[in-house]
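Asks: with the input below, show me the fold.
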Amino acid sequence: MMAKPLSLALVLLVLSPGAAPAGEHRLECPAAAPADWPTPHGRLAGVAVLAAKDGEAIDETAPPSLVPDNESLRAGTLHQRWRMNGYGAGWHFYVDCRYEGSARVLRLDASAVKSCDRFVSKFSRTTGASTQSQDSLACD
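Replies: Residues are numbered from 1 along each chain as shown. Just a heads-up that it's a prediction; the model follows:
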């Protein structure tokens, strides 16, 4: 997390069920920042999963980020999993994708998924991600 509040420009992406071709995930953070963002177009460098009550505005200075339901580290790869949309009626889930070199956030509507999996390669419990790490998040 960054110490100072981010000025966030949000992009909403809504995927309808069945929108992904066979064999692909329903929702994914793109590996690189969107092409229409000002440069630099950095690679994916972090994610957050959010839950908010329907109709409530998200406080962008302290977004309601959820802790992963499961987390493991194997052979230098961090795996995090969130179970999604289990709070019942009246809640909405989102995924925030963050990119190197940008304070902007790509916010994805995650209301149609059941779980999200994040993988970070070349990860250490003591030092975190490295410059060689690859970050990915996919939801189904």
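
Asks: can you tell me the element Q80 falls in?
Replies: Counting by DSSP states H and E, the element that carries Q80 is strand 77-83.

Asks: ok, the helix or strand following that strand: who's next to it in the sheet?
Replies: Remark: after strand 77-83, the chain's next helix or strand is strand 91-99, criterion DSSP H and E. Partners of strand 91-99 in the sheet, by DSSP bridges, are strand 44-53 (antiparallel), strand 105-109 (antiparallel).

Asks: and the residue sitting nearest the centre point of the chain, what does it touch?
Replies: Residue closest to the average C-alpha location in the chain (C-alpha atoms, centre = their mean): V47, at 3.3 Å. Listed by C-beta atoms under 8 Å, 6 or more residues apart in numbering, the contact partners of V47 are 29, 95-98, 118, 135, 137. C-beta coordinates here come from the backbone N, C-alpha and C atoms, glycine included.

Asks: go through the strand holding Q80 and flag the buried ones.
Replies: 78, 80, 82 (16 or more other C-beta atoms under 10 Å).

Asks: same check on stretch 24-39?
Replies: Those would be 26-30, 33, 37, for stretch 24-39 by 16+ other C-beta under 10 Å.

Asks: what of stretch 117-130?
Replies: 117-118, 120, 123, 129.

Asks: so what's E28 closest to, chain neighbours aside?
Replies: A138 (4.7 Å; C-beta to C-beta, 6 or more residues apart in numbering).

Asks: can you list the strands that whichever strand or helix holds the one you found pairs with?
Replies: Assigned by DSSP H and E, A138 belongs to strand 135-139. Neighbouring strands of strand 135-139 in its sheet, by DSSP bridges, are strand 27-28 (antiparallel), strand 115-120 (antiparallel).
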